[in-house]
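> Pasting the sequence and the predicted model now:
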Amino acid sequence: MVITFVRPLAGPLPLHSVRSREGGRTRPPAALPFHRRAAAPVVPATAASVRPRCSLAIPVAERAALLDAIAAVGPDRGIFGVESATRSRIDALAAALEAATPTAAPVEHLSGLVDGRWRLLYTTLTILGRRRSQLSLSTAAKSGFVTLGELYQNVAVADAVAESVVQFRVLGRVEGAFSITATYTPLSGTRVGVAATGSTLEPPGLAKMLGDNVGLLTQIFDPTGWLDITYLDDAYRLGRDGKGRLFVLEKVAAEGGIGVEDTEGA
């Protein structure tokens, strides 16, 4: 992920996951507090709603090169793996963009730039092998019962809270969303500590259908640990977590809408 925040603060939170062994028997971790909430539509972003509060010297060429390379990856966004050469090229382009970041201490600019709703474009957080099979996830190359939709991160700087949202569709008909809420604590000008506080599955009836896989989803997308914000401008954000995973996100709204999700984009 998107892993892909709510006080001073993707991930993938971007999205993060708890380390697990690929190919081995997956045992869900102890479940986080599981809450239910009513779904509600999210107001779409407008050009005015995501206007930056400060003037930034954006490295246009480096940013465009990375976005072009990510677009070529396709709808899986790297979640189901990419060729090693492609991954190396994207990582090199990301590093070049990070070196040219216009925001040297992003944690000091959370309310002005990070607050809001972000969409995951690419991540090196992967769901492969037994975990992909257990969740019966569809990929661009293989069919399954569950198809991933958009992956978002909602950040509420005033509360120092972030919510990672995974939209999906079951059997092409039932739309749902799995969310993990976390608090964060600034550790430096670029790093925040992250601690998961709870998870939500909508609609609630999907819990019976997914069974123990709810715990597996928690394991994969749990953001607990730390996150470095390695690039930040008014529209895009890059982050790397304690497991070395890269998250590239695009801002889609100035307000995060934590606790209010729709599933139409799944």
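Nice, I can see it.

> quick one, phi psi at the nearest residue to residue 104 once chain neighbours are set aside?
Once flanking residues are discounted, residue 104 sits nearest to residue 189: 7.2 Å by CB to CB, 6 or more residues apart in numbering. All C-beta spots, glycine's among them, are computed from the backbone N, C-alpha and C. Main-chain dihedrals, residue 189, degrees, to the nearest 10: phi -70, psi -20.

> Give me the neighbour count for residue 189.
13 (other CB atoms under 10 Å).

> again, but for residue 156
Residue 156 has 21 neighbours, counted by other CB under 10 Å.

> and the gap between it and residue 116?
9 Å (CB to CB, to the nearest Å).

> can you give me the strands for the protein?
For the chain, applying DSSP state E gives strands covering 34-35, 116-123, 146-156, 161-170, 174-186, 191-202, 225-232, 236-241, 246-253.

> Please identify which of those strands is closest to residue 60.
strand 236-241 (11.3 Å; CB to CB).

> What pairs with the closest one, parallel or antiparallel?
When pairs are called by DSSP bridges, strand 236-241 turns out to pair with strand 225-232 (antiparallel), strand 246-253 (antiparallel).

> Pick the most deeply packed of those.
Comparing the strands paired with strand 236-241 by mean neighbour count (mean count of other CB atoms under 10 Å), strand 246-253 ranks first with a mean of 25.

> Report the angle between that one and strand 146-156.
Counting by axes from the mean of the first three to the mean of the last three CA atoms, to 10 degrees, strand 246-253 points 70 degrees away from the direction of strand 146-156.

> CA atoms only for strand 246-253, dumped as PDB, please.
The C-alpha coordinates for strand 246-253 follow below in PDB (Å, rounded to 0.1, in the frame of the first residue of the first chain):
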ATOM      1  CA  LEU A 246       6.700   3.200  -1.400                       C
ATOM      2  CA  PHE A 247       3.300   4.900  -1.700                       C
ATOM      3  CA  VAL A 248       2.300   7.500  -4.400                       C
ATOM      4  CA  LEU A 249      -0.900   9.400  -3.800                       C
ATOM      5  CA  GLU A 250      -2.900  12.100  -5.500                       C
ATOM      6  CA  LYS A 251      -5.000  14.600  -3.600                       C
ATOM      7  CA  VAL A 252      -8.700  14.500  -4.600                       C
ATOM      8  CA  ALA A 253     -10.400  16.700  -2.000                       C
END
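
> any idea how far residue 186 is from residue 222?
For residue 222 relative to residue 186 (CB to CB), the value is 20 Å.

> Hmm, residue 246 is touching residue 237, no?
No. Contact criterion CB atoms under 8 Å: residue 246 and residue 237 do not qualify, at 11.5 Å.

> ok now do the residue nearest to residue 104, which residues does it touch?
By CB atoms under 8 Å, 6 or more residues apart in numbering, the contact list for residue 189 reads 104, 105, 106, 107, 108.

> go again using 10 Å as the cut-off
Residue 189 is in contact with 103, 104, 105, 106, 107, 108, 109, 229, counting by CB atoms under 10 Å, 6 or more residues apart in numbering.
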